[in-house]
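# Show me how the following folds:
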Amino acid sequence: MLVPLSWLSDYVDIDRDVVSLAEGLSDAGLKVEAIHRPGADIEGVIVAEVLSIAPHPNADKLAIVEVSTGVAVRRVVCGAHNFAVGDKVALALPGARLPGGVTIGRSTIRGEISEGMLCSAGELGLGDDHAGILVLPAETEVGAEVTKVLGLDEVVLEIEVTTNRPDAMSMLGIAREVAALTGGEVRLPKLRMARPAVGGATVEDLASVEVEDVEKAMREVLKAVEDAKGRVTRSEMKQQSAGQFNAILHFAVAPENAAPVRDRLKQIGNVAQLDIDRVQEAVGGEKLPQDGKLNRGNTKFEVSLYNLYNIAPRETATVRVYVTDVAKAYRELREAVTTAKGRIRDASSSDRDHQNASAHLEFDVRRTDEAAIQAALTGAGEVLGRQIVRAGPGINVTDTKVLFRVDLVANVPARETVTLRLAAVDVPTAYAGLQAVVAKQKGRIISSHLKDLNEKKLEVDLVRVDQHALAGDHVTVGIERVVRSENLN
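From the prediction side, this is the model:
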């Protein structure tokens with residue numbers, strides 16, 4: 001679970017540095033696996049406004065861009081073309097540092113001086129998109145530090161919350177643990193269900209909608225309100241942390257248009273919560289008579305839009321898979337996650353030797369892409385064990401994603417042991433032939449040695465090889481099978 005400190009501080013005061021806080025939480029049973037500082041590797045990148053764009057005289061695919069930093073005008077040579085005059089962009093000044101140890105300097109490109117670099121999202125470590133320049137919102141202040149504008153100055157704790165601690169799977173749950181450590185108090189969010197006045201709204205909808213792109217969803221909701229001839233009373237969007245956005249929209253529409261607006265919300269995203277408070281009043285506000293006339297005021301909506309970047313999945317699948325080639329299976333599984341546009345949380349592999357290699361991959365994908373991941377796991381090898389854990393109701397998690405924790409292993413004891421005693425006229429030739437069969441069947445030689453009387457012994461690990469493929473006549477055959485265990489293949 002990712003916990004941005006700025007978000008956490010909305011619910012509890014933090015009176016110590018982040019390292020001490022992490023140690024205290026770990027001692028209390030909430031293991032802090034990592035402390036993320038998204039913008040730690042970024043320095044000297046500010047917001048600039050594009051003043052002019054001109055073709056480069058010596059290169060068809062380059063342009064000379066003049067930008068304002070608020071205190072000066074700088075010329076920058078750029079190869080992207082996805083921005084226009086008036087756009088706000090991220091400018092790395094000479095001397096700036098970028099993720100990966102990149103340092104930006106004043107340079108000459110095809111005979112033209114470039115005083116810095118316009119940055120893409122990928123160059124700022126915000127993703128893999130290097131195709132175009134990162135264009136910032138129009139209201140962004142010129143000269144501001146990009147790390148603050150994008151929330152990259154945030155400090156985020158990555159906490160391993162075990163399945164026996166569902167109370168800690170929310171920001172409030174973590175806030176309670178912090179309060180217990182510091183002796184502080186938890187500030188609960190204020191919940192309000194407003195009742196309409198006479199002649200006011202007769203129904204109040206409180207909706208929480210999970211979406212992929214908050215900004216796009218916000219535009220679509222505003223368009224739906226406009227189509228319903230409604231009135232917007234509040235509209236705001238803010239970034240809680242790197243990658244985590246939230247938008248709030250309050251609006252009112254005529255009662256006959258309320259149902260189409262609710263349907264549109266369900267099309268825009270996953271409606272995680274929808275509370276409807278219906279109020280009926282007689283004309284004049286008196287007690288409702290048996291046959292009295294009813295006021296039908298506008299229907300008021302209070303909508304919260306948020307993306308799923310830092311919202312934990314409700315379901316966690318722990319899978320252990322036996323594979324013959326860990327490196328290949330690891331690579332193909334990562335490709336499957338990327339194709340499904342999932343988010344890899346942790347990835348590691350150990351390939352000290354081919355036979356004892358292993359890999360671990362932790363990632364989340366959308367529920368709609370779960371079947372593709374399950375197929376990739378089945379195709380990778382033999383699934384030795386699978387465990388599904390679901391968080392309980394009322395916890396700040398989502399059903400639209402699934403978290404996978406996958407272990408790929410190559411060295412798994414065989415469930416069945418076959419003991420053969422072979423008689424051969426030419427032992428060395430038969431021994432070499434046996435080794436060739438093992439190699440052809442992609443087996444693993446566990447041990448082999450020469451005994452007295454020129455008898456050789458070879459212990460191998462095969463994937464269901466045909467016993468009759470082994471060289472020589474079978475003198476004795478012994479088969480031993482171990483009882484069921486997920487650690488056996």
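# what comes up buried for stretch 172-182?
172-175, 177-179, 181 (16 or more other C-beta atoms under 10 Å). All C-beta spots, glycine's among them, are computed from the backbone N, C-alpha and C.
# Can I get these in JSON lines including secondary structure, distance to Pro55 and pLDDT?
Formatted as JSON lines, the buried residues of stretch 172-182 follow (DSSP: H, G, I helix; E, B strand; the rest coil; distance: C-beta to C-beta, whole Å; pLDDT from 0 to 100):
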{"residue": "Leu172", "secondary structure": "helix", "distance to Pro55": "56", "pLDDT": "88"}
{"residue": "Gly173", "secondary structure": "helix", "distance to Pro55": "57", "pLDDT": "90"}
{"residue": "Ile174", "secondary structure": "helix", "distance to Pro55": "53", "pLDDT": "92"}
{"residue": "Ala175", "secondary structure": "helix", "distance to Pro55": "55", "pLDDT": "91"}
{"residue": "Glu177", "secondary structure": "helix", "distance to Pro55": "58", "pLDDT": "91"}
{"residue": "Val178", "secondary structure": "helix", "distance to Pro55": "56", "pLDDT": "91"}
{"residue": "Ala179", "secondary structure": "helix", "distance to Pro55": "60", "pLDDT": "91"}
{"residue": "Leu181", "secondary structure": "helix", "distance to Pro55": "60", "pLDDT": "89"}
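# pretty sure Arg331 belongs to a helix, no?
Yes. Residue state for Arg331 (DSSP: H, G, I helix; E, B strand; the rest coil) corresponds to a helix.
# Quick check: which element contains the nearest residue to Ala144 once chain neighbours are set aside?
Nearest non-adjacent residue to Ala144, counting by C-beta to C-beta, 6 or more residues apart in numbering: Val47, 4.8 Å away. When secondary structure is defined by DSSP states H and E, Val47 falls within strand 43-56.
# Mind checking the pLDDT average for that strand?
Over the span of strand 43-56, the pLDDT mean works out to 94.
# what is the orientation angle of the following helix or strand past that strand with strand 43-56?
Using DSSP H and E, the helix or strand that directly follows strand 43-56 along the chain is strand 59-68. If you take axes from the mean of the first three to the mean of the last three C-alpha atoms, to 10 degrees, strand 59-68 sits at 130 degrees to strand 43-56.
# contacts for the helix or strand following strand 59-68?
Using DSSP H and E, the helix or strand that follows strand 59-68 in sequence is strand 73-78. The contact list for strand 73-78, computed with C-beta atoms under 8 Å, 6 or more residues apart in numbering, reads 48, 51, 56, 62-67, 91, 93, 109-110, 112-118, 133.
# and strand 73-78, which residues are buried?
Neighbour-count burial for strand 73-78 [16+ other C-beta under 10 Å]: 74-78.
# would you list every one of the helices in the stretch 51-200 of the chain?
Counting by DSSP state H, counting those that start in this stretch, one finds helices in the stretch 51-200 of the chain at the ranges 146-149, 171-182.
# Only C-alpha atoms, please: export the shortest one in PDB.
Output of helix 146-149 as PDB, limited to C-alpha atoms (Å, rounded to 0.1, in the frame of the first residue of the first chain):
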ATOM      1  CA  VAL A 146       8.000  21.200 -11.800                       C
ATOM      2  CA  THR A 147       8.500  18.800  -8.900                       C
ATOM      3  CA  LYS A 148       6.000  20.800  -6.800                       C
ATOM      4  CA  VAL A 149       3.600  21.300  -9.700                       C
END
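# Could you give the bridge partners of the residue nearest to Ala144?
Ala90 (DSSP bridges).
# That one contacts Ala90, doesn't it?
Yes. Contact criterion C-beta atoms under 8 Å: Val47 and Ala90 qualify, at 6.8 Å.
# can you list residues touching both of those two?
Common neighbours of Val47 and Ala90 (C-beta under 8 Å, 6+ apart) are 136, 146.
# Ignoring the adjacent residues along the chain, who's closest to the residue nearest to the spatial centre of the chain?
Central residue of the chain (C-alpha atoms, centre = their mean): Arg343, 3.4 Å from the mean position. Counting by C-beta to C-beta, 6+ apart, Asp364 is the residue found nearest to Arg343 once chain neighbours are left out, at 5.5 Å.
# Look up how far Thr103 lies from the one you found.
34 Å (C-beta to C-beta, to the nearest Å).
# For the closest residue to Arg37 other than its chain neighbours, give me phi and psi.
Among residues not flanking Arg37 along the chain, Val155 sits closest, at 5.7 Å (C-beta to C-beta, 6+ apart). Val155 adopts backbone torsions of phi -110, psi 130, taken as degrees, to the nearest 10.
# Surely Val155 touches His36?
Yes. Between Val155 and His36 there is a contact under C-beta under 8 Å: 7.4 Å.
# For those two, work out which one has more neighbours and name it.
Between Val155 and His36, counting by other C-beta atoms under 10 Å, Val155 is the more crowded of the two (20 against 16).
# Please name the residues that touch the more buried one.
Here Val155 is in contact with 4-5, 18, 35-37 (criterion: C-beta under 8 Å, 6+ apart).
# Closest to Glu332 out of these?
His36 (27.8 Å; C-beta to C-beta).
# and the gap between the closest one and Val186?
As judged by C-beta to C-beta, His36 and Val186 stand 24 Å apart.
# now do Leu422
73 Å.
# Mean pLDDT per helix and strand in this structure: which one sits at the bottom?
The weakest-scoring helix or strand in the chain, judged by mean pLDDT, DSSP states H and E, is strand 473-481 (a mean of 47).
# CA atoms only: put the host helix or strand of Asp263 into PDB for me.
Assigned by DSSP H and E, Asp263 belongs to helix 255-268. What follows is helix 255-268, C-alpha atoms only, in PDB (Å, rounded to 0.1, in the frame of the first residue of the first chain):
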ATOM      1  CA  PRO A 255     -35.500  15.800 -11.800                       C
ATOM      2  CA  GLU A 256     -36.400  14.300 -15.200                       C
ATOM      3  CA  ASN A 257     -32.800  14.500 -16.300                       C
ATOM      4  CA  ALA A 258     -31.300  12.900 -13.200                       C
ATOM      5  CA  ALA A 259     -31.600   9.300 -14.300                       C
ATOM      6  CA  PRO A 260     -29.700   9.900 -17.600                       C
ATOM      7  CA  VAL A 261     -26.900  11.700 -15.700                       C
ATOM      8  CA  ARG A 262     -26.600   8.700 -13.300                       C
ATOM      9  CA  ASP A 263     -26.400   6.400 -16.400                       C
ATOM     10  CA  ARG A 264     -23.700   8.600 -17.900                       C
ATOM     11  CA  LEU A 265     -21.600   8.400 -14.600                       C
ATOM     12  CA  LYS A 266     -21.800   4.600 -14.900                       C
ATOM     13  CA  GLN A 267     -20.500   4.800 -18.400                       C
ATOM     14  CA  ILE A 268     -17.600   7.100 -17.500                       C
END
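# In it, which residues have enough neighbours to count as buried?
Buried residues in helix 255-268 (16+ other C-beta under 10 Å): 257-258, 261-262, 264-265, 268.
# where's the residue nearest to Arg37 relative to Val186, distance?
Applying C-beta to C-beta, the value for Val155 to Val186 is 20 Å.
# returning to that earlier point: of the contacts of Val155, which is the nearest to Thr324?
His36 (35.5 Å).
# quick one: the strands in the stretch 201-350 of the chain?
Per DSSP state E, counting those that start in this stretch, the stretch 201-350 of the chain carries strands over the ranges 203-211, 231-241, 244-253, 270-278, 299-307, 312-322, 343-350.
# how about the ones you listed in JSON lines, adding distance to Thr417?
Formatted as JSON lines, these follow (distance: least, C-beta to C-beta, whole Å):
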{"stretch": "strand 203-211", "distance to Thr417": "51"}
{"stretch": "strand 231-241", "distance to Thr417": "54"}
{"stretch": "strand 244-253", "distance to Thr417": "53"}
{"stretch": "strand 270-278", "distance to Thr417": "51"}
{"stretch": "strand 299-307", "distance to Thr417": "52"}
{"stretch": "strand 312-322", "distance to Thr417": "17"}
{"stretch": "strand 343-350", "distance to Thr417": "27"}
